[in-house]
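Asker: curious how this folds, go ahead:
(one chain, ligands or ions: 5)
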Amino acid sequence: MSASVSIMSFTPFAARLFACLATGLALIDGVIAANCCSKLNSALPDLVFLPNTSSYASLNTHRWSNTSILSPSCIVTPASARDVSSIVKTLTIGNNCAFSIKSGGHNPNTGFNNIDNGVTVDLKLLNQATLAADKTFVTLGAGTTMGQAYAAVSNSGVAFPGGICDGVGVGGISTGGGQSFFLPKVGWVVDNIIRYEVVLASGVIVEASQTRNSDLYKALKGGSTNFGIVTKVDIAAFPHDGFWGGQIVVPATNVTTAQVLERVSNFTAANNDNVDAAVMIVASYTPDGNRIIDMGIASTDNTENPPILAPWFEVKPQLLNTVAHKSLANFVHEVTQPMPDGYRMLTASLTVKNDLETLKQVQAVTDALYEQVKDKVPGLDWMFSYNPQPKVLATHSAKRGGNSLGLAGLSHDQILFWLVPRWTDKASDALMHEIAASWVQEVNHITSQLGTSDPFVYLNHAGYFQKPLCGTGSENMKFLKGVADKYDPRKMFQRLVPGGHKISTKC
Ligand SMILES: Cc1cc2nc3c(=O)[nH]c(=O)nc-3n(C[C@H](O)[C@H](O)[C@H](O)COP(=O)(O)OP(=O)(O)OC[C@H]3O[C@@H](n4cnc5c(N)ncnc54)[C@H](O)[C@@H]3O)c2cc1C
Ligand SMILES: *[C@@H]1O[C@H](CO)[C@@H](O)[C@H](O)[C@H]1NC(C)=O
Ligand SMILES: *[C@@H]1O[C@H](CO)[C@@H](O)[C@H](O)[C@H]1NC(C)=O
Ligand SMILES: *[C@@H]1O[C@H](CO)[C@@H](O)[C@H](O)[C@H]1NC(C)=O
Ligand SMILES: *[C@@H]1O[C@H](CO)[C@@H](O)[C@H](O)[C@H]1NC(C)=O
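Answerer: Residues are numbered from 1 along each chain as shown. Ligands and ions are numbered 1, 2, ... in the order given. Okay, the predicted model is just below:
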């Protein structure tokens, strides 16, 4: 069958796939997907789970976020890159089966890591986590969670950058960016990836590194689900003998909030010359009416009381203070404790130029939006986070040929806002999504008034309705599209994998 014939036979399917969303023809896709599942089942009988099995129920309901629970026609759990290759061949070549890819499942956008009337490829068995004998890198399967990954380096005298939450997956982190407490020191996680192992749409398994398929390598460093399924990564490790740090929790009042915002702004500027320090600030307004600010602070070279962290200790009263010497694994484990799974959740994010007035105004509109929903949304835990992005972080990408985050040559400090509220009832989803959209609009309004807007949107924190790839710039988008055309000429990852932020979305 020639390529042009299979593209033609594909087109009506794509039309149906999209039409079904509007007209309820899901039944037809259900039949197609059932057919895909039976083909997969013949190829990999022990790894495919149909809806009438208890394994399916367990895989599909034990999710980080209940907004990710859909009804895939089957779930397949590959145990090797070869399995992934045979799955991709079965789903793409001649069959045109829609599918989703799940690693840690921490992206709460509905449909990003699960699918109705399609196949969910759950990478959980790709959970290899090993430290190289010479301790210069770790090899992580793409379904490894950060908790599993950090355990592999405990007591070894080295660390590597990854997500700051046990359940976050290597798949999303290694293709979307990756923020850690080492961000000012070594840059994004993707800046520290030495090589990817990737299964292309053709089923071919390739290496992407600075010397092999270097265009694909660069594109994967921020380009997300658009090029293939990553099965394994090597991430550079560096000597590390532990953290000095922890969480300082204070009540969120007008006074403490103002103090924290001033510190976020000052810290971000000073972080450029103090790259061994990092902070992550989360305000949380809980269903029982408590309002707190959780200040995660870290001295990543284990120095006690570095002057740059002193101002955080002045915010009072402290409801909790866990600052001490601890390991990377224990620090992340500690930060994970207040984050149980099973909630409905949304995510939205914007980045601004570091400016205190902007922080104040954004905090005010964010609080006002909270007031609109707090009595209407059962179980609402309103979480809002500030992450410093000092400009020094962009200098770390050059060492391995750059990334596709669009931050090369960054000449100003940024602050990232992350709106990540959770709640319990599906009935509140629509209202919460409206609020998230309003939040994006209102923050954009503030920053355009103040001249502090920034096109960067962190892909891993972006809402499904945002366009983070567009924020990386038209040059970069052109590059990403060129790479996708080269490695996925039939656009399988655009057409068959609806989940994630796609390069085919119009900017
Ligand atoms: C509680 C919490 C804490 C977080 N902490 C951090 C943090 O410290 N640092 C940070 O940078 N981010 C953090 N995030 C954001 C996180 O990076 C994103 O949620 C990310 O998408 C999670 O990756 P995952 O593999 O767990 O997610 P998944 O939902 O499994 O995957 C995310 C996206 O990537 C795609 N994908 C996954 N694996 C692959 C693969 N192997 N090949 C191709 N595509 C793939 C999926 O299809 C999906 O679209 C956090 C999120 C939450 C909810
Ligand atoms: C589940 O359904 C499939 C296909 O419909 C059938 O072959 C299989 O026997 C069923 N399994 C169980 C456990 O009922
Ligand atoms: C806190 O600030 C808000 C918004 O500016 C204001 O409405 C409120 O009265 C303040 N609360 C206190 C206790 O000062
Ligand atoms: C923040 O920086 C400003 C300007 O340098 C300074 O006046 C202020 O005291 C600093 N605030 C804190 C809490 O250090
Ligand atoms: C999430 O969904 C699962 C499966 O339906 C359910 O058991 C669990 O109670 C839900 N969690 C919450 C917090 O509602």
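Asker: hey, where'd the strands end up in the stretch 351-500 of the chain?
Answerer: 382-389, 414-419, 422-423 (DSSP state E, counting those that start in this stretch).
Asker: got JSON lines for these, with distance to residue 351 too?
Answerer: In this view, the C-beta of every residue, glycine as well, is placed from N, C-alpha and C. Listed next are those as JSON lines, based on distance: least, CB to CB, whole Å:
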{"stretch": "strand 382-389", "distance to residue 351": "7"}
{"stretch": "strand 414-419", "distance to residue 351": "5"}
{"stretch": "strand 422-423", "distance to residue 351": "22"}
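Asker: looking at those, which one is packed in the most?
Answerer: Greatest average neighbour count among the strands of the stretch 351-500 of the chain goes to strand 422-423 (a mean of 25), per mean count of other CB atoms under 10 Å.
Asker: next, count neighbours for the nearest residue to residue 308 once chain neighbours are set aside.
Answerer: Spatial nearest neighbour of residue 308, chain neighbours left out: residue 274 (4.3 Å); criterion: CB to CB, 6 or more residues apart in numbering. Neighbours of residue 274 under the rule other CB atoms under 10 Å: 18.
Asker: next one: residue 274, what pLDDT does it get?
Answerer: On pLDDT, residue 274 comes in at 98.
Asker: residue contacts, it?
Answerer: 184, 306, 308 (CB atoms under 8 Å, 6 or more residues apart in numbering).
Asker: which of the strands of the stretch 351-500 of the chain sits closest to residue 217?
Answerer: Smallest distance to residue 217 across those (CB to CB): 23.2 Å, for strand 382-389.
Asker: close to ligand 4, is the closest one?
Answerer: No - in terms of CB under 6 Å from any ligand atom, no part of strand 382-389 sits within range of ligand 4; the closest distance is 13.6 Å.
Asker: with just CA atoms, put that strand into CSV.
Answerer: C-alpha atoms of strand 382-389 as CSV (Å, rounded to 0.1, in the frame of the first residue of the first chain):
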residue,chain,number,x,y,z
TRP,A,382,-7.6,26.4,46.0
MET,A,383,-3.9,26.2,45.3
PHE,A,384,-1.9,28.9,43.7
SER,A,385,1.9,28.8,43.3
TYR,A,386,4.7,31.2,42.5
ASN,A,387,7.9,29.8,41.0
PRO,A,388,11.0,32.0,40.5
GLN,A,389,12.6,31.7,37.0
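Asker: that strand near ligand 1 at all?
Answerer: No - contact of strand 382-389 with ligand 1 (CB under 6 Å from any ligand atom) is absent, the minimum separation being 8.7 Å.
Asker: quick one: list the elements packing against that strand.
Answerer: The contact analysis (3 or more CB pairs under 8 Å, 6 or more residues apart in numbering; DSSP states H and E) places strand 382-389 against helix 254-271, strand 277-285, helix 356-373, strand 414-419.
Asker: how about TSV for these, with mean pLDDT and distance to residue 105 added?
Answerer: Shown next, in TSV, are the helices and strands packed on strand 382-389 (pLDDT from 0 to 100; distance: least, CB to CB, whole Å):
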stretch	mean pLDDT	distance to residue 105
helix 254-271	98	30
strand 277-285	97	21
helix 356-373	98	25
strand 414-419	98	18
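Asker: will you turn those into a markdown table that also has distance to residue 385?
Answerer: Below are the helices and strands packed on strand 382-389 laid out as a markdown table (distance: least, CB to CB, whole Å):
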| stretch | distance to residue 385 |
| --- | --- |
| helix 254-271 | 10 |
| strand 277-285 | 5 |
| helix 356-373 | 11 |
| strand 414-419 | 4 |
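Asker: tell me which of these lies nearest to residue 350.
Answerer: So among those, strand 414-419 is nearest, using CB to CB, at 5.3 Å.
Asker: tell me how far the closest one is from the chain's mean position?
Answerer: Its chain's average C-alpha position is 14 Å from that of strand 414-419, according to CA atoms, centre = their mean, to the nearest Å.
Asker: ok, now stretch 369-376?
Answerer: With CA atoms, centre = their mean, you get 26 Å for stretch 369-376.
Asker: export it as CSV, just CAs?
Answerer: Coordinates of each C-alpha in stretch 369-376 appear next as CSV, following Å, rounded to 0.1, in the frame of the first residue of the first chain:
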residue,chain,number,x,y,z
LEU,A,369,-11.9,34.7,41.6
TYR,A,370,-11.6,32.4,44.6
GLU,A,371,-14.3,34.4,46.3
GLN,A,372,-16.6,33.7,43.4
VAL,A,373,-16.3,30.0,43.7
LYS,A,374,-15.5,29.1,47.2
ASP,A,375,-19.1,28.6,48.4
LYS,A,376,-20.2,26.9,45.2
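Asker: can you list contacts of it?
Answerer: 285, 380, 382, 428, 431-432, 435, 438-439, 442.
Asker: just stretch 412-419 next, same as before
Answerer: 179, 264-265, 268-269, 271-272, 346-354, 358-359, 362, 366, 383-391, 436, 439, 443, 454, 456, 458, 461.
Asker: may I have that stretch as PDB, with CA atoms only?
Answerer: Taking Å, rounded to 0.1, in the frame of the first residue of the first chain, the C-alpha atoms of stretch 412-419 are listed here in PDB:
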ATOM      1  CA  HIS A 412      15.000  39.200  32.200                       C
ATOM      2  CA  ASP A 413      13.900  37.300  35.300                       C
ATOM      3  CA  GLN A 414      10.600  35.600  35.200                       C
ATOM      4  CA  ILE A 415       8.000  34.500  37.700                       C
ATOM      5  CA  LEU A 416       5.700  31.600  36.900                       C
ATOM      6  CA  PHE A 417       2.200  31.500  38.300                       C
ATOM      7  CA  TRP A 418       0.500  28.100  38.600                       C
ATOM      8  CA  LEU A 419      -3.200  27.900  39.300                       C
END
